[in-house]
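**Student:** take a look and give me a structure for this.
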Amino acid sequence: MFQFSSEDFPDVLDNIAHFEGLIPRERDYEKLSTVHVSLSQRSIRLIHGLFELNITYQAKNQDKYDDTASDEDDDCSTDSLSSDFDIATWPVADQCKGHLQDLRSTHNVCPLPAYDTDHSLIPPLEYESKLKGALVEVHMVFFHHRVKNAKHDVFNAILQQLTILSPPAAMPINPFKCHHLNTGPLNARNKKAK
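**Tutor:** This is a model prediction of the structure:
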């Protein structure tokens with residue numbers, strides 16, 4: 001059903017690279033592209049700001065921050081979402097839990113705008129299991145920044161929305177995995193499964 005997507009992906013990457021090439025550049029500037037090579041595969045590097053400054057904290061400390069509150073502040077509101085999306089319950093590695101605790105009073109979490117095949121928002125605990133290996137439709141915005149002091153032309157693809165078109169294939173069961181004796185004999189389990 002979505003075979004055309006994987007066949008056309010190299011052309012998509014070529015078009016993005018061509019689009020970036022249309023921006024006039026200084027000769028001695030290095031181009032940092034959205035098209036990225038990882039593990040010998042070309043891909044699109046998407047960015048998403050997972051945390052943003054809390055408006056209350058920003059107002060209390062306005063001498064430190066200029067008036068940069070964006071119009072997108074409502075996009076990151078998790079008030080109407082379940083506790084799965086709360087910064088207090090956000091899943092992080094053990095070594096990062098202290099850092100996340102420090103951010104709770106100063107930042108809001110901006111969940112990934114990733115939607116399942118039924119168009120429901122994917123909870124953060126399910127990001128890896130639902131997105132890794134899935135065929136997705138991506139909406140993104142391109143930005144170009146010229147960093148004069150570093151002599152870089154930087155291109156970014158900022159994620160706006162990600163929708164799963166086809167979920168990842170089921171992982172095969174390893175036949176060499178240890179059998180749990182308390183689950184009964186193998187032939188009895190096979191009969192139950194049928």
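**Student:** and the strands in the protein, which stretches?
**Tutor:** 30-32, 35-38, 41-44, 46-47, 51-53, 107-109, 114-115, 135-147, 152-166 (DSSP state E).
**Student:** what's near enough to touch the closest residue to residue 25 other than its chain neighbours?
**Tutor:** Nearest non-adjacent residue to residue 25, counting by Cβ to Cβ, 6 or more residues apart in numbering: residue 153, 5.1 Å away. (Glycine included, C-beta is placed from N, CA and C.) Contact analysis of residue 153 by Cβ atoms under 8 Å, 6 or more residues apart in numbering lists 23, 25-26, 29-32, 144-147.
**Student:** could you export those as CSV, including distance to residue 135 and neighbour count?
**Tutor:** Formatted as CSV, these follow (distance: Cβ to Cβ, whole Å; neighbours: other Cβ atoms under 10 Å):
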residue, distance to residue 135, neighbour count
23, 30, 12
25, 34, 14
26, 39, 10
29, 35, 15
30, 33, 12
31, 29, 13
32, 27, 16
144, 28, 13
145, 30, 10
146, 35, 14
147, 35, 12
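**Student:** ok, so of those residues, who is nearest residue 132?
**Tutor:** Distance to residue 132, by Cβ to Cβ, is smallest for residue 32 among the contacts of residue 153, at 25.5 Å.
**Student:** if I look at the closest one, what pLDDT would I see?
**Tutor:** Note on residue 32: pLDDT of 94.
**Student:** what's the answer for residue 57, then?
**Tutor:** 69.
**Student:** could you dump the contacts of residue 153 to JSON lines with distance to residue 47?
**Tutor:** As requested, the contacts of residue 153 are exported to JSON lines (distance: Cβ to Cβ, whole Å):
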{"residue": "23", "distance to residue 47": "18"}
{"residue": "25", "distance to residue 47": "21"}
{"residue": "26", "distance to residue 47": "24"}
{"residue": "29", "distance to residue 47": "20"}
{"residue": "30", "distance to residue 47": "18"}
{"residue": "31", "distance to residue 47": "17"}
{"residue": "32", "distance to residue 47": "12"}
{"residue": "144", "distance to residue 47": "13"}
{"residue": "145", "distance to residue 47": "12"}
{"residue": "146", "distance to residue 47": "17"}
{"residue": "147", "distance to residue 47": "16"}
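**Student:** which one of the residues you listed is nearest to residue 79?
**Tutor:** For those, the nearest to residue 79 is residue 145 (31.9 Å; Cβ to Cβ).
**Student:** the closest one against residue 156, yeah?
**Tutor:** Yes: look at residue 145 against residue 156 with Cβ atoms under 8 Å: they come within range, at 7.3 Å.
**Student:** quick check: phi and psi on the residue nearest the centre of the chain?
**Tutor:** Centroid check for the chain by Cα atoms, centre = their mean gives residue 112 as the closest residue, at 5.8 Å. For residue 112, the backbone dihedrals (degrees, to the nearest 10) come out as phi -60, psi 130.
**Student:** so who does it touch?
**Tutor:** Per Cβ under 8 Å, 6+ apart, neighbours of residue 112: 48, 50, 122, 124, 127, 159, 162.
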